[in-house]
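J.: Here's my sequence, what's the structure:
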Amino acid sequence: MVETLKNLFAVADLRNRVLFMLAMLGVYRIGSHIPTPGVNTEALAILAEQASGTMFGLYDMFSGGNLSQVTIFALGIMPYISSSIILQLLTVVWPYLERLSKEGELGRRKITQYTRYLTLVLAIVQALGISIFLERQTEIVGGLPLVYEPGWGFRFMCVLTLTTGTVFIMWLGEQITERGIGNGMSLIIFAGIVVGLPSAVMVTFDQMRTGQIGLIRLLLLGIVMVAVIAAIIFVERGHRRITVQYAKRVVGRRQYGGSSTHIPLKVNTGGVIPVIFASSILAFPASFAAVVPQGGWADAAIRQLSYGMPLYNLTYVGMIIFFAYFYTAIIFNPDDVAENMRKYGGFVPGIRPGKRTAEYIDTILTRITLAGAVYLALIAILPEFLITGFKVAPIPFIGENLDAALPQWFTEGLNVQFYFGGTSLLIVVGVAMDTVNQIESQLIMRHYDGFMKKTRIKGRRG
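T.: You can find the predicted model right below:
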């Protein structure tokens, strides 16, 4: 590892890419401390306490905590993620987008441009919704005004500020992808989650100091954490390889083919997308709990679908498994793979080309997708077992001074769910692995180029 870091900073191009990436992430974190004009931050802290368990918490994770503070980056990268998912879904049902996706670089640029436009539209709609939501929450925070001067003036300023912040974050992510290392959008989410790690560690040790969690329990918690991270790395790197043999072809005086390769099928093809879909849908009932009449059937249903209830866990697991299959079917088509293999003379040993090959690949993909879906479901519901088993949260307030104690929404939501399992742990580990792999690929490519240059020089001298 130390040798890899030395090699990384020894190559000028890679060093500049890493420094550029860190600089852009630094700019993102600076913007996370600039509040939106016209918002009362003291009343906002009270509102954030009472908003846990809704879609507020899910969006706050992807915005790196900016939504709970209503900074200029409050919307975060979520509009871009939503736009990308929508465009991927439309690619299956809209022939025009399907044709664009098969046109190579030009088609990819067109789809990226449409994604930007849709991001702008979603950001405007969400920013307007946030501004109206803040104006109507004054009674929840004990009469304190959340907005100093409500009205269309504040709404226009809020929409302009938050939309500009989202567009700027999108630009930062694209710059990191193009001129830095790794996927820029993923790294922005990664930075927003990891920045709270020191506070989470302090909260955990404070629990041990005050006697809320014992040393043995803390050690067991650490062992579980290491085991979960190891399991995530193991599954995320897991592939099912399908051997493909290419027949020999003679074109002119040259012979092509005759080689053997493989198709790597990931165990977790959908990544973290199924968990995001399921979390978003299940967050809707809790978000509308405040407007549902008490004592009715709707109120009872919402209570059963609240976080921690058996029906919630059962529905959550079922939806994760469903979306794992759904998203895998969208991004991977066995028929296209089998047809491309047949065109180039490839075949799976013992399986007929064409329809039989597609059925064979689909059968294998169905089996490993089930394993990946169960793995995602276990990771997603892990926080609840840790909360009930290790008693790591919540931390009660000391006194009534909000400045002297951590907000309850942080201890109940972000601390446990983000750092002891769940969606964020998948994101953190997955992005870290992808970035490390890209760095290693860049290093191998540089060394390979240097080896080829030396070979050419020796060949000329000979």
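J.: Could you look up the SS state of Arg352?
T.: Look at Arg352: counting by DSSP: H, G, I helix; E, B strand; the rest coil, its state is coil.
J.: Can you read off the pLDDT for it?
T.: With respect to pLDDT, Arg352 scores 87.
J.: show me the residues around Gln442 that make contact.
T.: 14, 17, 181 (Cβ atoms under 8 Å, 6 or more residues apart in numbering). C-beta coordinates here come from the backbone N, C-alpha and C atoms, glycine included.
J.: My guess is the second one contacts Ile181. True?
T.: Yes: with contacts defined as Cβ atoms under 8 Å, Arg17 counts as touching Ile181 at a distance of 5.1 Å.
J.: would you say Gly211 is within a helix?
T.: No: the assignment for Gly211, made by three-state DSSP, is coil rather than a helix.
J.: And for it, the neighbour number?
T.: 7 (other Cβ atoms under 10 Å).
J.: what's the distance between it and Thr261?
T.: 59 Å (Cβ to Cβ, to the nearest Å).
J.: Could you list the low-confidence segments of the stretch 1-150 of the chain?
T.: 1-5, 45-65, 137-144 (pLDDT under 70).
J.: Excluding chain neighbours, what is closest to Gly31?
T.: Of all residues not flanking Gly31 in the chain, Phe73 sits nearest, at 5.0 Å (Cβ to Cβ, 6 or more residues apart in numbering).
J.: can you give me the helices in the stretch 151-300 of the chain?
T.: 152-179, 184-194, 197-209, 215-236, 273-287, 297-304 (DSSP state H, counting those that start in this stretch).
J.: Mind putting the ones you listed into JSON lines with distance to Leu97?
T.: What follows is the helices of the stretch 151-300 of the chain, written out as JSON lines (distance: least, Cβ to Cβ, whole Å):
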{"stretch": "helix 152-179", "distance to Leu97": "20"}
{"stretch": "helix 184-194", "distance to Leu97": "20"}
{"stretch": "helix 197-209", "distance to Leu97": "39"}
{"stretch": "helix 215-236", "distance to Leu97": "29"}
{"stretch": "helix 273-287", "distance to Leu97": "18"}
{"stretch": "helix 297-304", "distance to Leu97": "37"}
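J.: List the contacts of Ile321.
T.: 274, 370, 373-374, 377.
J.: Now, of the residues you listed, which are buried?
T.: 274, 373, 377 (16 or more other Cβ atoms under 10 Å).
J.: Out of those residues, flag the one nearest to Leu426.
T.: Distance to Leu426 across the buried ones among the contacts of Ile321 (Cβ to Cβ) is lowest for Pro274, with 10.3 Å.
J.: now that closest one: how far from Thr366?
T.: 15 Å.
J.: about what we covered before: sort the contacts of Ile321 by pLDDT and name the bottom one.
T.: Per-residue pLDDT puts Pro274 lowest of the contacts of Ile321, at 85.
J.: Disregarding residues adjacent in the polypeptide, which is nearest to that residue?
T.: Phe323 (3.8 Å).
J.: Centre of the chain to the helix or strand in which that neighbour is found, how far?
T.: Assigned by DSSP states H and E, Phe323 belongs to helix 310-331. Distance of helix 310-331 from the chain centroid (Cα atoms, centre = their mean, to the nearest Å) equals 16 Å.
J.: ditto for stretch 219-233
T.: For stretch 219-233, the separation from the chain centroid amounts to 20 Å (computed by Cα atoms, centre = their mean).
J.: wait, isn't Asn268 in contact with Leu378?
T.: No: if you go by Cβ under 8 Å, Asn268 and Leu378 don't touch, sitting 11.9 Å apart.
J.: which of those two has more neighbours?
T.: Asn268 (24 against 15).
J.: show me where this structure has strands.
T.: 239-246, 249-251, 254-256, 260-266, 346-347 (DSSP state E).
J.: could I get those strands as JSON lines with mean pLDDT and mean neighbour count?
T.: Formatted as JSON lines, the strands of the chain follow (pLDDT from 0 to 100; neighbours: other Cβ atoms under 10 Å):
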{"stretch": "strand 239-246", "mean pLDDT": "86", "mean neighbour count": "15"}
{"stretch": "strand 249-251", "mean pLDDT": "65", "mean neighbour count": "10"}
{"stretch": "strand 254-256", "mean pLDDT": "65", "mean neighbour count": "10"}
{"stretch": "strand 260-266", "mean pLDDT": "85", "mean neighbour count": "14"}
{"stretch": "strand 346-347", "mean pLDDT": "84", "mean neighbour count": "20"}
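J.: Which among these is found nearest to Leu100?
T.: Of these, nearest to Leu100 by Cβ to Cβ is strand 260-266, at 24.8 Å.
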